[in-house]
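Asker: Based on what follows, work out the 3D shape:
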Amino acid sequence: MILHRIRAHRDARRAVESGVPLRECIEDKVSYFLRKSPLRRDSPYSIKVTQDGQASIIEEVRDDAQGIEDTMNVKGYEESGEEIANFDRRIRLEEEKLVRSREKYQVAKEQAEPAGPLLRDKLIALVVLVALSIGEIGALLFYLGDWFAIDPSRLPTEIARNTLNVVLLAFVALSVFVLLLACAMKVVQNWTKGNYYKFGLYLGILLIMGGCLGVMRALQATRGEATWEILLVCMMITAGVPIPAAAVKLWWRESALRYDDSQKEPKNLRREIREYRATIAELRRLRRNAERRRVGFERNIQRENRASARNRERQRERELRFLRKVVAISIIYREKYLFWSAKNPARRKR
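Answerer: The predicted structure is shown next:
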């Protein structure tokens, strides 16, 4: 401060001798020191000089709220907020769709034909069809076995001895039964539809096939000594068994179709409900991830703001220390000005 006192003594004398007013002299010195100051451009602090040359620090009243700096964390925070809002909107829409699907499912379930009787008929028809098919295919295996030199009563031994012939025998027996069953189904279907021409045609084919196989069955059963009565019975059995099997198969098919139709809409709605639930669960998972990112950005912003606040506080302290020093120097200049002004009253400006 000694150098400032020497300069103040000299400058104050020149100012008084030049007739510079006190306020103008102090303002000039304050401006000179402020040009070297660490003040920010937006600093709220300044020095005011009164008419009698007294300098004081003034602070501009501003809003205490500090604006958030435009950083990557701020952008991420804003983007994650928009992402969360978008997820909320999508979740709300999916939940509305889920509610509507549940309402439709309840209505469809109430209006659907009871599934219990349909499923029971379907299972009964299937069991009967399987039983008839196994019985007739087994019978065909026995009286077609001679053609392949196979004894079906000793099937395990025959499989080990002549596997190829056993496979061929099974294939032929299955094919014959399928052919008889297909022909019998045509008979039943045409009878049901009232198409008696085709009914007669397929019935004739079935009788011819069944008659030929019946003769073979009778001759094999009686070792070539079959009577007309045995032949007739075997022919009727061979031609007649596929007809109830065909009727049972049609019953099973009808029951299956009715059951599937009754469960089609509820089943589709249940699948739709599961899809909506899965979509909502995925959207909620993505929303939770967005919330975690947003919390991370918020913490980073808070750290940045705290660091910025500490920096502003340190800057404020530096500015105030400097301004107090300038005020102290201005007091010295004022004292020297008043000193020289008292010695030279004629030079003092009023």
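
Asker: tell me the secondary structure for the nearest residue to W340 once chain neighbours are set aside?
Answerer: Leaving aside its chain neighbours, W340 sits nearest to V16 (4.1 Å; criterion: C-beta to C-beta, 6 or more residues apart in numbering). Every C-beta, even on glycine, is put in place using the N, C-alpha and C of the backbone. Secondary structure for V16, judged by DSSP: H, G, I helix; E, B strand; the rest coil, is helix.

Asker: V16 contacts R334, doesn't it?
Answerer: No: under the criterion of C-beta atoms under 8 Å, V16 makes no contact with R334, lying 11.9 Å away.

Asker: wait, isn't I47 in contact with S31?
Answerer: No: counting by C-beta under 8 Å, I47 stays clear of S31, with 9.1 Å between them.

Asker: who has more neighbours, those two?
Answerer: I47 (20 against 12; other C-beta atoms under 10 Å).

Asker: so which helix or strand takes in that one?
Answerer: Following DSSP states H and E, one finds I47 within strand 45-49.

Asker: any residues touching that strand, and which ones?
Answerer: 23, 26-27, 30, 34, 39, 55-60, 316, 319-320, 323, 326-327, 330 (C-beta atoms under 8 Å, 6 or more residues apart in numbering).

Asker: Now go through the residues you listed and say which are in strands.
Answerer: 55-59 (DSSP state E).

Asker: Looking at these, which is nearest A342?
Answerer: Ranked by distance to A342 (C-beta to C-beta), these are led by A55 at 20.1 Å.

Asker: Return the distance of the nearest residue to the closest one once chain neighbours are set aside relative to Q54.
Answerer: Closest residue to A55 apart from its sequence neighbours, by C-beta to C-beta, 6+ apart: S330 at 4.0 Å. Remark: distance between S330 and Q54 (C-beta to C-beta, to the nearest Å) = 8 Å.

Asker: out of the two, which sits in the more crowded spot?
Answerer: Per other C-beta under 10 Å, whichever of S330 and Q54 has more neighbours is S330, with 23 against 15.

Asker: who touches the more buried one in this structure?
Answerer: S330 sits in contact with 26, 29-30, 47, 49, 53, 55, where contact means C-beta under 8 Å, 6+ apart.

Asker: Recalculate using a threshold of 10 Å.
Answerer: 8, 25-27, 29-30, 33, 47, 49, 53-56 (C-beta atoms under 10 Å, 6 or more residues apart in numbering).

Asker: before we move on, the earlier item: give me the buried positions along the strand holding I47.
Answerer: 45, 47, 49 (16 or more other C-beta atoms under 10 Å).

Asker: That one vs strand 55-59, what angle?
Answerer: 150 degrees (axes from the mean of the first three to the mean of the last three C-alpha atoms, to 10 degrees).

Asker: strands paired with strand 45-49, and their directions?
Answerer: Take DSSP bridges as the rule and strand 45-49 pairs in its sheet with strand 55-59 (antiparallel).

Asker: Identify each buried residue in the strand it pairs with, please.
Answerer: Within strand 55-59, judged by 16+ other C-beta under 10 Å, the buried ones are A55.

Asker: same check, this time on stretch 14-30
Answerer: 15-16, 20, 22-23, 25-27, 29-30.

Asker: need the contacts of S330 in CSV with pLDDT, can you?
Answerer: Formatted as CSV, the contacts of S330 follow (pLDDT from 0 to 100):
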residue, pLDDT
A8, 75
C25, 82
I26, 79
E27, 81
K29, 80
V30, 80
F33, 78
I47, 79
V49, 83
G53, 78
Q54, 82
A55, 81
S56, 80
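
Asker: Could you list the low-confidence segments of the stretch 251-350 of the chain?
Answerer: Along the stretch 251-350 of the chain, the model assigns pLDDT under 70 to residues 345-350.

Asker: need the helices for the chain, in chain order.
Answerer: 2-18, 22-34, 72-111, 115-144, 155-161, 163-193, 196-221, 228-240, 242-343 (DSSP state H).

Asker: What's the local residue count around D52?
Answerer: 10.

Asker: OK, contacts around the nearest residue to it once chain neighbours are set aside?
Answerer: In space, and not counting its chain neighbours, D52 is closest to L22: 6.8 Å by C-beta to C-beta, 6+ apart. With contacts defined as C-beta under 10 Å, 6+ apart, L22 is in contact with 12, 15-16, 49-54, 333-334, 337-338, 341, 348-349.

Asker: For L22, report the pLDDT, please.
Answerer: At L22, the model reports a pLDDT of 81.

Asker: Could you check how far it is from E265?
Answerer: 99 Å.

Asker: likewise N73?
Answerer: Applying C-beta to C-beta to N73 and E265 gives a distance of 52 Å.

Asker: More neighbours: those two, which one.
Answerer: Higher neighbour count among N73 and E265: N73, with 19 against 16, using other C-beta under 10 Å.

Asker: Does that one touch V295 like I think?
Answerer: No: look at N73 against V295 with C-beta atoms under 10 Å: they stay out of range, at 11.6 Å.

Asker: rewinding a little: overlap of the contact sets of V16 and R334?
Answerer: 22, 25.

Asker: Farthest pair within the contacts of L22?
Answerer: Within the contacts of L22, V16 and T50 form the most distant pair, 18.5 Å apart (C-beta to C-beta).

Asker: Can you give me every residue that contacts I91?
Answerer: 279-284, 286-287.
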